[in-house]
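K.L.:
Need coordinates for the below:
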Amino acid sequence: MGLFKILTDILGGPIKDLTETRKATKQARMELEIKKLEAKARLEIARAEADIAVQTKRAQMEADWEMEAAQQARTSWKDEYWTVFLSIPLFMMFVPVLQPFVITGFAGLAQVPLWYQASVMAAISFAFGIRALNNFTNWRKNSDG
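P.N.:
Residues are numbered from 1 along each chain as shown. Prediction:
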C-alpha cells in the first residue's frame with residue numbers, strides 16, 4: 001500500500017486543485033450570468049419607468065391645454081361665432097332655393113388644400129376647447145376610404 005499512498009499523495013493535490021478550480025469557474029460563470037440577468041432586468045425597469053414618465057408628462061400637457069382652452073372660452077366669442085357659422089349651411093339646406101349654393105360651396109371646400117382644412121379644424125378645435133385636430137387625420141382617412 002505504500003505505492004498507492006505515494007501516488008495518492010502526489011496526484012491527489014493536483015486533482016483536488018483541478019476539481020476546486022472547475023467548481024470555482026462554474027460558480028463564477030453562474031454568478032456572471034445572474035449579474036447579466038439582473039442588469040437586463042434593471043434596464044427593462046428603467047425603460048418602463050421612462051415610458052411611464054413620458055406618458056404622464058403627455059397626459060399632463062393635454063390636461064393643461066384643455067384647462068387653458070376652457071378658461072379662455074369663458075371670455076371668448078369664438079365658440080359662438082363658429083356655432084353660427086357652422087349652422088348657416090344647415091339652415092340653408094331647408095330652403096330649396098338656397099340648396100344649390102350649399103352644395104356648390106361644399107363641393108368647392110372639397111378641393112381646398114389639406115393644410116387649409118387643418119387650419120380651420122384647429123381654429124374650431126381651439127374655440128370649442130376640444131382636440132378634434134388630433135383626430136382630423138384619422139377622420140380624413142376614414143371618409144376617403
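
K.L.:
helices or strands up against the longest helix anywhere in the chain?
P.N.:
The helix that spans the most residues within the chain, counting by DSSP state H, is helix 2-74. Where contact means 3 or more Cβ pairs under 8 Å, 6 or more residues apart in numbering; DSSP states H and E, helix 2-74 is packed against helix 114-128. Glycine gets a C-beta too; all of them are placed from N, C-alpha and C.

K.L.:
Against Glu49, how distant is the residue nearest the centre of the chain?
P.N.:
Most central in the chain under Cα atoms, centre = their mean is Gln55, positioned 6.8 Å from the mean C-alpha point. Distance from Gln55 to Glu49, counting by Cβ to Cβ, to the nearest Å: 11 Å.

K.L.:
And Thr21, by the same measure?
P.N.:
In terms of Cβ to Cβ, Thr21 sits 42 Å off from Glu49.

K.L.:
What's the local residue count around Glu68?
P.N.:
12 (other Cβ atoms under 10 Å).

K.L.:
Before we move on, what's the pLDDT of it?
P.N.:
Looking at Glu68, its pLDDT stands at 79.

K.L.:
follow-up on the earlier one: what angle sits between the longest helix of the chain and helix 114-128?
P.N.:
Compare the direction of helix 2-74 with that of helix 114-128 by axes from the mean of the first three to the mean of the last three Cα atoms, to 10 degrees and you get 80 degrees.

K.L.:
ok, then the element right after helix 2-74?
P.N.:
Where DSSP states H and E defines the elements, the next helix or strand beyond helix 2-74 is helix 78-92.

K.L.:
List the buried residues of that following helix.
P.N.:
Neighbour-count burial for helix 78-92, counted by 16 or more other Cβ atoms under 10 Å, picks out 82, 89, 92.

K.L.:
Which one of these is nearest to Gly108?
P.N.:
Comparing those against Gly108 with Cβ to Cβ places Pro89 closest, at 12.1 Å.

K.L.:
hang on, that closest one packs against Ile103?
P.N.:
No. Judged on Cβ atoms under 8 Å, Pro89 makes no contact with Ile103 at a distance of 9.5 Å.
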